[in-house]
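In: After the sequence you'll find the predicted model.
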Amino acid sequence: MEQYIIRGGTPLSGEVTIAGAKNAALGILAAALMANENVTIENIPDVQDINILLNVISSTGAIVKRHDRHTVTINGEVLY
């Protein structure tokens, strides 16, 4: 069995940004279609499943605006 021996003494410091959960984001994006106003969702992962769902939502006529890789605004009002 392999093992790692870590010798140091220098404490670690810094920050780590945790990405959003893909499976939770998929449901949240679908639920955003039910709102009659802008819904902004932040911290969504930039993965293929999310991008495909955003394309499907857009093809239904909803307004999808991507602000950056991890933020999107959806407005499903035009569907009603």
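Out: Perfect, I can see it now.

In: distance of Asp75 from Glu2?
Out: Actually, residue 75 is Asn. It isn't Asp. Separation of Asn75 from Glu2 (CB to CB, to the nearest Å): 53 Å. In this view, the C-beta of every residue, glycine as well, is placed from N, C-alpha and C.

In: For Ile63, what are phi and psi?
Out: phi -90, psi 120 (degrees, to the nearest 10).

In: try Leu29
Out: Reported as degrees, to the nearest 10, the phi and psi values for Leu29 are phi -60, psi -40.

In: In contact with it, which residues are there?
Out: Taking CB atoms under 8 Å, 6 or more residues apart in numbering as the definition of contact, the neighbours of Leu29 are Ile41, Ile44, Ile50, Leu53, Leu54, Ile57, Val72, Ile74.

In: wait, doesn't the fourth one sit right on Ala32?
Out: So that's Leu53. No - when contacts are counted by CB atoms under 8 Å, Leu53 is not listed as touching Ala32 (10.6 Å).

In: Who has more neighbours out of those two?
Out: Neighbours per residue, other CB atoms under 10 Å: of Leu53 and Ala32, the larger number sits with Ala32, 21 against 17.
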